[in-house]
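*Asks:* just to be clear, the model below is a prediction. Sequence and coordinates:
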Amino acid sequence: MTIEEKVGKTLAELAVSDAPGVASLFAEVRAAMEEERQTLVLKAPPENQRERDCKALRDRWLARKNGLISQVDENWLKRSPKELKPVVGRHFNELRQFSSRMELERLLGDVPAGLRHSAKGDQIQWHDAAARLAGQQVRPEDDLGQHLKDGIAYDLKPDLTLPGYRRPLGSIHPVTRVLREIEDIFLGLGFRIETGPEVESVYYNFDALNIPESHPSRDDWDTLYVDERTVLRTHTSPVQIRAMEKYGAPLYIIVPGKVYRHDNPDASHSPMFHQIEGLAVDRDITFADLKGTLDFFARKFFGEKVRTSFHPSFFPFTEPSGEVSISCVICDGRGCRTCKESGWVEVMGCGMVHPEVLRHGGIDPDEYTGWAFGLGVERYAMMKYGINDIQLFYQSDVRFLEQF
Ligand SMILES: [Zn+2]
């Protein structure tokens, strides 16, 4: 008799009239459920069928109307003789708990994701299944104990053929996601990634970058000082000097990392945020190289339709200095609330590396020239995902994070 046929009959029709009979009947249901679940897990359906297969199995067992569990409730529990009701009720509750493994989320977690059927498809699946078995743990609440199959008692603990349990995996934080995306674009252009300390000397953070003693950014109100000669770096630019000292020219680097400012947190400010710095030093580098590279980057990141616009600006460590705006990605330059009706959004600062800065890095400015840029990663993530409050990035709210 199939399991459907069994749950379609009453206990009386099945000739079950005592507690041991009830126990083995329920054990059979649990074993059948587990077998079907394992079959699905080991089958590892291709990605496009995975959810459909999991849903079908869930519905077969858990559907309110005519699901196998509902039928056990209707035909075994509700229609059981009075004297068997307590024991059937207890088994039914256990079965219901046990059947939580058929809930969609858990099924999707257990069935391997991301497998695609290829020429070697089957082989890959079995490797995956074996790897999962190796890492599995048998949890006491999942212990099946003994159950009867074809009248023979099988001891199922521990059953090494059971698949392991997948803990829900996190996702990549939107700031990290954008960082990686930007890094990838520049890696593709032949830049390499360089990092440096977040606790930085005043020399590297200011002096070597041609930022004079009197500059307002050196003020306590803008910079977090550890002591008189040490700060939490206010930008990623000190790594420019460190990299020039370390590698000399030619040099093509990008510098991702955390920076710190004496700012109170609000919707657009945070005392800690991420920057990416770019630096290219070589013979005959001109402003045209800077424009061409940043224009390419903007189109890669924001989309091919995006136009860039360069405006003069001032930074102590570049000369000339510029700010880059892109045509608003929301309104395509026609003007909207995001771009304050201007059609343009400012996205980074840049310029030709100041000769004094090259000299501090040990590079001869008569022989080499260079360009640099710096951008705020959170701002890019906010534009890309339409986020209006920078604080959301740091609150670790799963409801926010699981959207990415
Ligand atoms: Zn706009």
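*Replies:* Structure's in. What do you need?
*Asks:* tell me the mean pLDDT over stretch 377-394?
*Replies:* For stretch 377-394, mean pLDDT is 92.
*Asks:* contacts made by that stretch with the rest, please.
*Replies:* Defining contact as Cβ atoms under 8 Å, 6 or more residues apart in numbering, one finds that stretch 377-394 is touched by 173-175, 177-179, 182, 256, 265-270, 272-276, 301-302, 329, 345, 347, 400, 404. In short, each C-beta sits where N, CA and C put it, glycine included.
*Asks:* what's the burial count for residue 229?
*Replies:* 9 (other Cβ atoms under 10 Å).
*Asks:* where's residue 359 relative to residue 353, distance?
*Replies:* Noted for residue 359: a distance of 10 Å to residue 353, by Cβ to Cβ, to the nearest Å.
*Asks:* of those two, which one has the most company?
*Replies:* residue 353 (27 against 15).
*Asks:* for the more buried one, grab phi and psi.
*Replies:* The phi/psi pair for residue 353 (degrees, to the nearest 10) reads phi -60, psi 130.
*Asks:* next one: residue 340
*Replies:* phi 50, psi 40.
*Asks:* how far away is it from the ion?
*Replies:* 8 Å (Cβ to the ion, to the nearest Å).
*Asks:* equivalent analysis for residue 28, please.
*Replies:* With Cβ to the ion as the criterion, residue 28 and the ion are 65 Å apart.
*Asks:* I'd assumed residue 3 was in contact with that residue.
*Replies:* Yes. Counting by Cβ atoms under 8 Å, residue 28 touches residue 3, with 7.2 Å between them.
*Asks:* now residue 351: closest residue in space that isn't a chain neighbour?
*Replies:* residue 318 (2.6 Å; Cβ to Cβ, 6 or more residues apart in numbering).
*Asks:* need phi/psi at the one you found.
*Replies:* Backbone torsions of residue 318, given as degrees, to the nearest 10, read phi -130, psi 150.
*Asks:* who touches the lengthiest helix in the chain?
*Replies:* The longest helix of the chain (DSSP state H) is helix 19-43. Contact partners of helix 19-43, identified using Cβ under 8 Å, 6+ apart, comprise 3, 6-7, 11, 14, 16, 53-54, 57, 60-61, 68, 72, 76, 84, 87-88, 91-92, 94-95, 98-99, 101-102, 107, 110-112, 125, 129, 144-149, 161-163.
*Asks:* next, the buried residues of stretch 290-307.
*Replies:* Within stretch 290-307, the residues that count as buried by 16 or more other Cβ atoms under 10 Å are 290, 291, 293, 294, 295, 297, 298, 299, 300, 301, 302, 306.
*Asks:* residue in the stretch 101-250 of the chain nearest to the ion?
*Replies:* Using Cβ to the ion, the single residue of the stretch 101-250 of the chain nearest to the ion is residue 178, 20.0 Å away.
*Asks:* ok but that residue is inside a strand, no?
*Replies:* No. With DSSP: H, G, I helix; E, B strand; the rest coil as the criterion, residue 178 is assigned helix and is not in a strand.
*Asks:* ranges for the helices of the stretch 151-300 of the chain?
*Replies:* 174-188, 202-205, 238-247, 287-302 (DSSP state H, counting those that start in this stretch).
*Asks:* how many neighbouring residues does the residue of the stretch 101-250 of the chain closest to the ion have?
*Replies:* Residue 178, neighbours per other Cβ under 10 Å, totals 23.
*Asks:* that one - nearest residue in space that isn't next to it in sequence?
*Replies:* Closest to residue 178 by Cβ to Cβ, 6+ apart is residue 381, at 4.4 Å.
*Asks:* pull the distance from stretch 307-320 to the chain's centre.
*Replies:* 34 Å (Cα atoms, centre = their mean, to the nearest Å).
*Asks:* what's the pLDDT at the most centrally placed residue in the chain?
*Replies:* In the chain, the residue lying closest to the centroid (Cα atoms, centre = their mean) is residue 172, at 1.5 Å. Per-residue confidence at residue 172 stands at 91 (pLDDT).
*Asks:* break the chain into its domains for me.
*Replies:* What automatic domain parsing lists as the domains of the chain is 3-155, 174-401.
*Asks:* and those, which is most packed in?
*Replies:* domain 174-401 (a mean of 17; mean count of other Cβ atoms under 10 Å).
*Asks:* can you get me the start-to-end distance on it?
*Replies:* 8 Å (Cα to Cα, to the nearest Å).
*Asks:* now stretch 160-177
*Replies:* Span of stretch 160-177 from end to end, Cα to Cα: 38 Å.
*Asks:* tell me the buried residues in that stretch?
*Replies:* 162, 163, 164, 165, 174, 175, 177.
*Asks:* from the middle of its chain, how far away would that stretch be?
*Replies:* With Cα atoms, centre = their mean, you get 10 Å for stretch 160-177.
*Asks:* likewise stretch 54-62?
*Replies:* For stretch 54-62 - counting by Cα atoms, centre = their mean - the centre lies 29 Å from the chain centre.
*Asks:* what does stretch 243-252 give?
*Replies:* 33 Å.
*Asks:* contacting residues around it?
*Replies:* By Cβ under 8 Å, 6+ apart, stretch 243-252 touches 189-192, 194, 196, 253, 255, 279-283, 358, 360-363, 367-368, 370.
*Asks:* so residue 280 bridges to which residues?
*Replies:* residue 252, residue 371 (DSSP bridges).
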